[in-house]
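K.L.:
Build me a model:
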Amino acid sequence: MGFVYQLFAFLVWVQLVRSQYPGLQVSITTDGTYSVKVNGRQWLSSAPTYFMADGAMFIGGKNGNLSLLQSSASSGYDKIGEWQTSDFFYSAGSSNITASIKTYPYELEDDFIMFSQTYHNGATRTNRADVSSVIGRFPAFSVGSQDPLVSLFYLAYGGIMVGDTGKSIGVWNKTDVAMSYGLSGGPLAIFDQEGNTVIISPFSQFMAASVTHPDFDNSVGWGVMGGVQKVPPNYQYDTILYYAKGINKAFEGWGRLMRKLYGRTDDFVKTDLTISHLGYWTDNGAYYYYLTEQNKTYEDSMLDVKNYTDSQSIPYRYFQFDSWWYYKGAGNGVKEWEPRPDIFPHGSKALVQKLDFPIALHNRFWSKDTIYAVQNKGRYLFQIDTNGTVSAPITQDFWNYLLGRARDDWGLVLYEQDWLNVEFAGLPSFLNNVNLGNLWLEEMADAAKLWKIPIQYCMSNTRHALKAVQLDIVTQARVSGDYHPGHDQWRIGVSSMLAAAIGLRPFKDTFWTTTNQPGNKYRSTEPYPGLNAVVSTLSTGPVGPGDMVGGTNRSLLMRCCNEDGMILKPSIPATSIDRQLIMTASGAMADMEVWSTYSAMSVGGTVKYFGMVLGVDTAGFKLLTKDLNFMADAQRDEYIVFEHRSPQSHVTFTTSLTMPNCTKTNFCLYHFIPEMKIGNTHTVFLMGETDKWVPVSEQRIVAITPIQDTDIVLTVAGVRGETVRISYLLDGTLQTVTCTFKLTSSLMLSISNKSC
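P.N.:
This is a model prediction of the structure:
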């Protein structure tokens with residue numbers, strides 16, 4: 001009775017304390033059931049818990065065979081803070097498993113609940129026939145709003161490219177929710193018309209975690225993936241349920257909490273050349289993807305690209321070589337990651353020396369006949385399964401050798417690991433072992449960190465992307481399908497939201513800067529080069545055109561960067577605004593894209609937010625102040641706004657802005673400029689470099705310094721010989737100051753004196 005009374009008292013405390021606050025509330029009963037309220041309305045109710053063990057399923061509930069042996073309460077501290085849990089101790093055959101619900105005090109800036117499964121003595125014969133299911137379901141929720149007065153929507157990530165290709169959005173009803181699950185499933189966001197949002201996702205064991213839906217009772221549940229055959233003792237898997245007001249705010253907070261817990265930093269992002277500077281790409285969609293100039297080798301064609309871009313003063317800082325350069329084996333996997341002599345007749349070192357550029361290199365999944373495996377008389381241990389279609393290295397020495405050699409031969413500045421989903425799903429050992437997937441990615445990352453080579457993930461399921469929160473050498477990830485001229489793979493506003501939360505820089509893939517590029521293998525044209533260019537820049541990820549020799553629109557391309565190829569970018573990736581997601585989920589406007597981002601600049605110790613909004617297919621959409629998170633963060637500074645094509649036509653922004661029918665050809669890019677003051681008498685609106693996609697960027701304007709009550713001085717960075725034009729309103733009059741970097745790479749611009 002002591003344990004039951006203790007738990008009862010704790011649950012009463014949880015419900016009484018949480019009922020006094022808005023936001024997330026959990027109700028828990030002693031039989032192991034639970035429900036979740038948001039702002040006093042019930043959103044979610046539990047579905048039965050179950051676990052696989054000894055070759056059987058043990059299900060909770062009145063008529064189930066899962067034995068609840070004990071209910072109790074406990075408390076303690078972890079990296080996040082003080083916690084309280086209600087614990088349900090189950091017997092599933094020969095396995096003892098605790099299902100826990102953990103809450104934290106309201107003093108934290110984050111509002112969330114943690115659900116945990118702990119296998120005390122492990123479990124055997126846990127696998128199910130369907131690997132897309134789970135071997136233990138907790139938490140699990142019935143589909144649909146549990147309050148008839150609440151209309152709920154959902155956004156579910158899934159598929160590949162950080163959950164982009166299989167994502168779904170719609171109404172969270174009781175009968176039909178179309179979402180990815182199993183190996184390709186991802187985080188789930190549930191939200192209402194006001195933007196109140198709950199995110200449910202794995203919070204640990206990312207490579208082994210899965211979501212299941214529809215389960216046998218049409219519920220959605222989280223647990224360890226269904227192919228796992230046994231679980232080691234003391235294995236714990238966690239799921240988080242995170243709440244915030246605002247869809248973007250929820251993802252930002254959820255990601256911030258994960259990065260804090262796992263210690264992810266931006267150190268490698270900040271030093272990644274492929275993120276900071278312009279590069280030339282040859283992947284799918286690029287002109288020279290499995291195509292060379294007529295009667296020339298790839299070596300000839302790449303040197304021709306270099307000569308052409310030099311002649312046009314296009315400041316590429318690296319080249320990316322895709323899958324066309326190495327040896328393929330069984331199943332078209334990688335047999336040997338070495339350059340073929342028919343591709344580069346003089347070898348990699350000679351080519352790199354002639355190009356005078358470092359290289360980013362692509363890799364795909366390993367073939368079963370790879371020459372590196374000891375099973376094929378190689379030097380390194382690989383996992384090769386009889387019924388698998390791929391192989392995988394399982395020794396640190398291999399990755400140290402592979403990336404170290406690439407660093408020596410190529411000056412490697414980025415390792416692109418593509419086909420992640422194929423590698424994972426094609427090796428049964430990855431699917432039936434809870435730890436092998438972790439080992440694979442951790443050893444790759446450890447070697448990359450040893451050689452200081454950033455990693456890009458491509459064709460990643462969300463499990464790979466979530467794992468990257470523990471691997472800060474993984475700096476970026478593709479968030480779209482492969483580029484093809486004229487296609488819509490630029491629509492990355494939703495997938496960028498997930499990638500940015502984890503700490504990854506989104507990459508939209510290559511693009512063309514001109515419409516017609518004769519002789520291309522796609523037999524297509526690119527009608528929207530400007531849209532592709534602006535999306536690449538606002539993504540904060542790599543900007544990597546793939547034009548033919550003679551096919552680059554330099555003036556368009558240079559809107560992204562300075563004369564040295566440094567990308568002038570916002571502080572955070574552009575993402576879809578909340579109201580776009582709500583309208584899309586409700587069916588009100590399926591094709592509309594309205595994204596926002598900002599540059600955060602310190603002005604005399606106060607942060608000012610220079611906002612940007614991109615609009616496509618807007619059809620007269622009215623943009624409101626509440627749509628712009630940067631205005632809320634700024635505590636509502638006074639703003640002016642101008643469209644990028646006509647900075648002289650700026651207007652004061654008060655409460656709304658009606659966007660015209662912005663199209664893919666004539667997209668809208670609005671810049672929101674906050675007010676600054678010189679003393680109490682002069683008003684300044686810094687419009688910046690209006691000929692750039694991001695006119696006020698941390699890369700160009702590195703400091704904004706008020707000088708008492710007389711001036712504001714800008715510290716401007718550039719390249720010797722470069723000329724910049726900085727515009728601003730001073731007491732309502734448009735001023736443009738032209739500065740040239742003569743002997744140094746920085747200069748000072750005086751707002752009051754209108755000079756450098």
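
K.L.:
Quick one, grab the pLDDT at the most centrally placed residue in the chain.
P.N.:
The centre of the chain sits closest to Ala499, judged by C-alpha atoms, centre = their mean, with a distance of 0.8 Å. Ala499 is assigned 98 on the pLDDT scale.

K.L.:
continuing past the strand or helix carrying it, what's the next helix or strand?
P.N.:
In this assignment (DSSP states H and E), Ala499 forms part of helix 495-502. Using DSSP H and E, the helix or strand that follows helix 495-502 towards the C-terminus is strand 505-507.

K.L.:
Partner strands of that next one, with direction?
P.N.:
Using DSSP bridges, strand 505-507 pairs in its sheet with strand 474-478 (parallel).

K.L.:
quick one on the thing from earlier: now do the same contact list for the residue nearest to the centre of the chain.
P.N.:
Applying C-beta atoms under 8 Å, 6 or more residues apart in numbering, we find Ala499 in contact with 162, 465, 477, 479, 505-506, 573. Yep, even glycine has a C-beta here, placed from its N, CA and C like the rest.

K.L.:
so when I look at Ala250, I'm seeing a strand, right?
P.N.:
No - with DSSP: H, G, I helix; E, B strand; the rest coil as the criterion, Ala250 is assigned helix and is not in a strand.

K.L.:
And the contacts of stretch 642-649?
P.N.:
Outside stretch 642-649, the residues that touch it by C-beta under 8 Å, 6+ apart are 650-651, 668-671, 673, 687, 690, 693, 727, 734.

K.L.:
Quick check: of these, which lies closest to Ala533?
P.N.:
Trp693 (7.4 Å; C-beta to C-beta).

K.L.:
sorry, back to before: a markdown table please, covering the contacts of stretch 642-649 and showing pLDDT and neighbour count.
P.N.:
Putting the contacts of stretch 642-649 into a markdown table (pLDDT from 0 to 100; neighbours: other C-beta atoms under 10 Å) gives the following:
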| residue | pLDDT | neighbour count |
| --- | --- | --- |
| His650 | 95 | 18 |
| Val651 | 96 | 11 |
| Cys668 | 97 | 21 |
| Leu669 | 98 | 21 |
| Tyr670 | 98 | 19 |
| His671 | 98 | 24 |
| Ile673 | 97 | 27 |
| Met687 | 98 | 23 |
| Thr690 | 97 | 18 |
| Trp693 | 98 | 26 |
| Ser727 | 97 | 20 |
| Leu734 | 95 | 13 |
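
K.L.:
now the strands: where do they sit in the stretch 251-400 of the chain?
P.N.:
Per DSSP state E, counting those that start in this stretch, the stretch 251-400 of the chain carries strands over the ranges 319-321, 327-328, 334-336, 359-363, 382-384, 391-393.

K.L.:
what's the span of stretch 532-550 from first residue to last?
P.N.:
Taking C-alpha to C-alpha, to the nearest Å, stretch 532-550 runs 19 Å from one end to the other.

K.L.:
Centre of the chain to it, how far?
P.N.:
18 Å (C-alpha atoms, centre = their mean, to the nearest Å).

K.L.:
which of the residues in that stretch are buried?
P.N.:
532-549 (16 or more other C-beta atoms under 10 Å).

K.L.:
for stretch 24-41, same thing?
P.N.:
Buried residues in stretch 24-41, counted by 16+ other C-beta under 10 Å: 24-28, 32-39, 41.

K.L.:
Same list, these, but as TSV with secondary structure please.
P.N.:
Listed next are these as TSV, based on three-state DSSP:
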residue	secondary structure
Leu24	strand
Gln25	strand
Val26	strand
Ser27	strand
Ile28	strand
Gly32	coil
Thr33	coil
Tyr34	strand
Ser35	strand
Val36	strand
Lys37	strand
Val38	strand
Asn39	coil
Arg41	strand
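
K.L.:
Could you find which two of those are furthest from each other?
P.N.:
Gly32 and Asn39 (25.3 Å).
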